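[1] Generate coordinates for the sequence data below:
(2 chains)
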Number of protein chains: 2
Amino acid sequence: VKPLHERDLPRGFRYSATASGLKKTGGLDLAMISAAQPVSAAAMFTTNVVQAAPVRLSRRQLRRSRGRVRAVVVNSGNANCATGPAGEAAARATARRAAAELGCRPEQVLVCSTGVIGVPLAVGKILAALPPLAFRGGADAAAFRRVARAIMTTDTRPKWASAAARIGGRGVRIAGCAKGAGMIHPRMATMLAFLVTDAKMRPALLQRALREAVAQTFNAISVDGDTSTNDTTVLLASGASGVRVASETDYRRFVAALENVCRELALAIVADGEGARHVVEVVVRGAHRRRDAEQVAATIATSPLVKTALAGADPNWGRILAAAGRAGVRFNPERATIRMAGIKVFARGRALPFDERRAHRRLLSPTLKLELDLGGRGKAEARYWTCDFTAEYVRINASYRT
Amino acid sequence: VKPLHERDLPRGFRYSATASGLKKTGGLDLAMISAAQPVSAAAMFTTNVVQAAPVRLSRRQLRRSRGRVRAVVVNSGNANCATGPAGEAAARATARRAAAELGCRPEQVLVCSTGVIGVPLAVGKILAALPPLAFRGGADAAAFRRVARAIMTTDTRPKWASAAARIGGRGVRIAGCAKGAGMIHPRMATMLAFLVTDAKMRPALLQRALREAVAQTFNAISVDGDTSTNDTTVLLASGASGVRVASETDYRRFVAALENVCRELALAIVADGEGARHVVEVVVRGAHRRRDAEQVAATIATSPLVKTALAGADPNWGRILAAAGRAGVRFNPERATIRMAGIKVFARGRALPFDERRAHRRLLSPTLKLELDLGGRGKAEARYWTCDFTAEYVRINASYRT
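    Okay, here's the model as predicted:
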């Protein structure tokens, strides 16, 4: 993670974080990103059928407020999921109290939670901490970094990223912070990402931009293949730069910058995956349709056999081929080519001779690439990022705690 | 695995096994099951797009012989997969040589391979070993057990099972042996199962019976979610009992017995899964369609988070719920119920109070059940067997070998 400076932050937002007491460690566990006026908002939520109370509430709020919100409130330490009607009430109370402090309507506040599933949320702690939270905070990088720390659960380090785009000769800024990696810890859940920009955009266009950027980044990473019940990505646009994103050219530039921020955060999540020692980019080419390429890449990236081979830096291309073969996409293995860490190991239906020791050494690198060309006439390709699957991952996730 | 006696074996088959030199250890690695005349045959093969040469050949042979075959030849130690035209030729040569020894047509011989992927098959060793293999062997239980050992790769023990069915007041017998567990080892592949019966059945009916039995057994187990390139199940019916399976009642009795044999073998495979300490039955009820129940059960059974929790005997129902939620099947979590090892831990959308220590103790059992009732109006249900995911599994599969 690169350092975050004052000049990297978009104008028009305040960041505040506090320790409300939800984390037993006494660490930061409650954060707010707010704006002085309603700003354009976009969000994407988990596709899991089981959705936490804050996810359901925020989805409703976004609709009711027509994509114009004042704040996002996030707590870590408890996912408020599978907590019944009390959980629903807790999420609503959080939005209501924050709205009262900010002087806005409750539907102008989005709420996110991450942490333990199935344990009642001690919402009293949040409600008590909200008035000072809404009052304090700052617009500076130190305040932003505190928010990045407050949303952490099993993360070993905070994650932030920023980018700038030049639109009509003027600059807009995008910054974001994220936590988690899929659903990765005992009773812990969730990937959360919060993005802010000072570009001027309508909520519908903002939503389109977010959807595009997320598809190629947050939706193209895996640590363990499990989708959390709380996943949420929020993008707020203050418009404080005065630069309107209107033309298709402007939009493409904005999306490119947004995608850069999202990709940096997504890769930071994979690199921080439990027990992970390698960040691996899976590239699939030569597919008929982009969807086919994505499906094959995702199957390789989530195969336990591929991921354990990577943990051992084993140039085991047979597992890549076998995983690709069960992805549900037709291709001719006789025309496929596989490269591991740049070394061509398989072509035209059979193994190529290669130096196993050299391949092993290359696979020890902390970042590496697996490339599969399906050999079809299609030109579609897809990328997917994953990490290796280590004994440490199992130890962390098998540990029993009362 | 229960002992296998003389009386458990169907009449009409010979079993032989030898050490051809494919296994570096010098262990048994080549086996043949044969009949004196052509017998009815049925088979099911891997659905992986990448298919080993013997799989492609056997599929063709079965069609060309119209389901009347004389023998199955199996080698372990090399999967003959991703071996190009030479691999195709090796499989064909094996069938041809065996046919010459048995005095039948080449298409009346099926061929199966299991072991390393992508390494040329030393077919010369097989061809040299085939004449004595076809000549020796026996119809007794000792010979059958040698076949069960010869097909092993990373299995820690041979696996066999048998059952009898009473049809029209007379008995028919079914016996089988199997190896592997999904695709579970560095460069090793495959689940293979060989089933024999002395019932009298047409090939088409035999195929229908095999398909039914496999769906509920071999196709409802997972060790690591990876489908091999060589998976094959073969069922041969000698008719030597003189008992014809014709009526629907006869057929149902036969399938029930066949399913018992397949289930016993399937569970033996899961129990022998690499690093596994628990055999876990996942039961999903209250689904609208059987397919929905199967999909949810399979998603739970292959979730790394569920499987690592099981390794730690952690009553972590949140992971079961979250895995079910991403299975692509609509259900209302507010109506779902979860039981772990018989303890109800979740109902009506929230956690139930339960004694964590007691649950932990129960989850330490070598066999246990996870039950999820989706709470829908449908009555469809499905079962799926899996094992826990241990650090030992990762160690085995990450180990680098030159």
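
[2] what helix or strand does the spatially closest residue to residue A:389 that is not a sequence neighbour sit in?
    Spatially, and ignoring its direct neighbours in sequence, residue A:389 is nearest to residue A:307 (3.4 Å; C-beta to C-beta, 6 or more residues apart in numbering or on different chains). Heads up, the C-betas are built off the backbone N, CA and C, glycines and all. Counting by DSSP states H and E, the secondary-structure element that holds residue A:307 is helix A:304-311.

[3] contacting residues around the spatially closest residue to residue A:217 that is not a sequence neighbour?
    The shortest distance from residue A:217 to any residue that is not its chain neighbour, by C-beta to C-beta, 6+ apart, is 3.8 Å, and that residue is residue A:262. Neighbouring residues of residue A:262 by C-beta atoms under 8 Å, 6 or more residues apart in numbering or on different chains: A:176, A:193, A:195, A:213-214, A:216-218.

[4] In terms of helices and strands, where is residue A:262?
    Take DSSP H and E as the rule and residue A:262 turns out to sit in helix A:248-271.

[5] quick one: average pLDDT of the next helix or strand after that helix?
    Using DSSP H and E, the helix or strand that directly follows helix A:248-271 along the chain is strand A:279-287. If you average the pLDDT over strand A:279-287, you get 96.

[6] Stretch A:210-225 too?
    The average of the pLDDT scores along stretch A:210-225 is 86.

[7] do stretch A:143-160 as well
    For stretch A:143-160, mean pLDDT rounds to 94.

[8] can you check stretch A:338-352 too?
    In this model, stretch A:338-352 has an average pLDDT of 93.

[9] touching chain B at all, that stretch?
    Yes - using C-beta under 8 Å from any C-beta of the partner chain, stretch A:338-352 reaches chain B at A:346, A:348-351.

[10] how about those, which pair is most distant?
    Spatially, the most separated pair among the residues of stretch A:338-352 next to chain B is A:348 and A:351, at 10.2 Å (C-beta to C-beta).

[11] Neighbour count for those two, which is higher?
    Taking neighbours as other C-beta atoms under 10 Å in any protein chain shown, residue A:348 and residue A:351 compare with residue A:351 leading, 19 against 13.

[12] Chain neighbours aside, what residue packs nearest to the more buried one?
    Closest residue in space to residue A:351, ignoring its immediate chain neighbours: residue B:118 at 4.0 Å, by C-beta to C-beta, 6+ apart.

[13] Mind checking what secondary structure that neighbour has?
    At residue B:118 the chain is in coil, as set by DSSP: H, G, I helix; E, B strand; the rest coil.

[14] Backbone dihedrals for it, please?
    As for residue B:118, its main-chain torsions (degrees, to the nearest 10) stand at phi 80, psi 10.

[15] ok, it - contacts?
    Contacts of residue B:118 were listed using C-beta under 8 Å, 6+ apart, and they are A:317-318, A:346, A:350-351, B:81-83, B:187.

[16] circling back: turn the contacts of residue A:262 into TSV, columns for neighbour count and secondary structure.
    Output for the contacts of residue A:262, formatted as TSV (neighbours: other C-beta atoms under 10 Å in any protein chain shown; DSSP: H, G, I helix; E, B strand; the rest coil):
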residue	neighbour count	secondary structure
A:176	24	strand
A:193	28	strand
A:195	29	strand
A:213	27	helix
A:214	21	helix
A:216	17	helix
A:217	24	coil
A:218	20	helix
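
[17] Looking at those, which is nearest chain B?
    When the contacts of residue A:262 are ranked by distance to chain B (C-beta to the nearest C-beta), residue A:218 comes first, at 15.3 Å.

[18] And that closest one, how far from residue A:258?
    Counting by C-beta to C-beta, to the nearest Å, the gap between residue A:218 and residue A:258 amounts to 11 Å.

[19] And for residue A:388?
    When residue A:388 is compared with residue A:258 (using C-beta to C-beta), they lie 29 Å apart.

[20] If you count contacts, what does the helix or strand in which residue A:339 is found end up packed against?
    Element membership of residue A:339, judged by DSSP H and E, is strand A:337-340. Using 3 or more C-beta pairs under 8 Å, 6 or more residues apart in numbering or on different chains; DSSP states H and E as the contact criterion, the neighbours of strand A:337-340 among helices and strands are helix A:317-325, strand A:343-347, helix A:356-363, strand A:367-373.

[21] That one pairs with which strands?
    On the basis of DSSP bridges, the sheet neighbours of strand A:337-340 come out as strand A:343-347 (antiparallel), strand A:367-373 (antiparallel).

[22] The last one vs strand A:279-287, what angle?
    Using axes from the mean of the first three to the mean of the last three C-alpha atoms, to 10 degrees, the interaxial angle of strand A:367-373 with respect to strand A:279-287 works out to 20 degrees.

[23] Check what contacts strand A:367-373 and list those residues.
    Applying C-beta under 8 Å, 6+ apart, the external contacts of strand A:367-373 come out as A:278-286, A:296-297, A:300, A:306, A:320, A:324, A:336-342, A:362.

[24] ok, so of the contacts of residue B:118, who is nearest residue B:330?
    residue A:318 (37.3 Å).

[25] picking up where we left off before, how about JSON lines for the helices and strands packed on strand A:337-340, with mean neighbour count added?
    Formatted as JSON lines, the entries for the helices and strands packed on strand A:337-340 read as follows, by neighbours: other C-beta atoms under 10 Å in any protein chain shown:
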{"stretch": "helix A:317-325", "mean neighbour count": "27"}
{"stretch": "strand A:343-347", "mean neighbour count": "18"}
{"stretch": "helix A:356-363", "mean neighbour count": "16"}
{"stretch": "strand A:367-373", "mean neighbour count": "19"}
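
[26] Save the ones you listed as TSV, and put in distance to residue A:23 too.
    Written out in TSV, the entries for those read as follows (distance: least, C-beta to C-beta, whole Å):
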stretch	distance to residue A:23
helix A:317-325	38
strand A:343-347	45
helix A:356-363	38
strand A:367-373	31
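
[27] Okay, now the unreliable bits of chain A?
    Applying pLDDT under 70 to the predicted model, the residue ranges of chain A that meet it are A:181-190, A:224-225, A:399-402.

[28] Break down it into its helices, ranges please.
    Secondary structure of chain A (DSSP state H): helices at A:53-64, A:84-102, A:123-135, A:141-150, A:203-216, A:248-271, A:290-302, A:304-311, A:317-325, A:356-363, A:391-398.

[29] does any part of the second one sit near chain B?
    Yes - in this structure, helix A:84-102 sits against chain B according to C-beta under 8 Å from any C-beta; the contacting residues are A:84, A:87.

[30] angle of that helix against helix A:53-64?
    Between the axes of helix A:84-102 and helix A:53-64, defined by the same axes, to 10 degrees, the angle is 50 degrees.

[31] Show me which residues of helix A:84-102 are buried.
    Of the residues in helix A:84-102, those buried under the neighbour-count criterion (16 or more other C-beta atoms under 10 Å in any protein chain shown) are A:87-88, A:90-99, A:101-102.

[32] got it, and the fourth one?
    Of the residues in helix A:141-150, those buried under the neighbour-count criterion (16+ other C-beta under 10 Å) are A:141, A:143-150.

[33] which residues touch the residue sitting nearest the centre point of chain A?
    Closest to where the C-alpha atoms of chain A average out (C-alpha atoms, centre = their mean) is residue A:218, at 4.4 Å. Applying C-beta under 8 Å, 6+ apart to residue A:218 gives the contacts A:191, A:193, A:233, A:262, A:265-266.

[34] and stretch A:292-299, is it in reach of chain B?
    No - no part of stretch A:292-299 sits close enough to chain B to count as contact by C-beta under 8 Å from any C-beta; the gap is at least 9.5 Å.

[35] For that stretch, which outside residues touch it?
    Looking at what lies outside stretch A:292-299 - C-beta under 8 Å, 6+ apart - the contacts are A:220, A:222, A:282-285, A:287, A:323-324, A:326-329, A:331, A:372, A:374, A:378, A:380-384.
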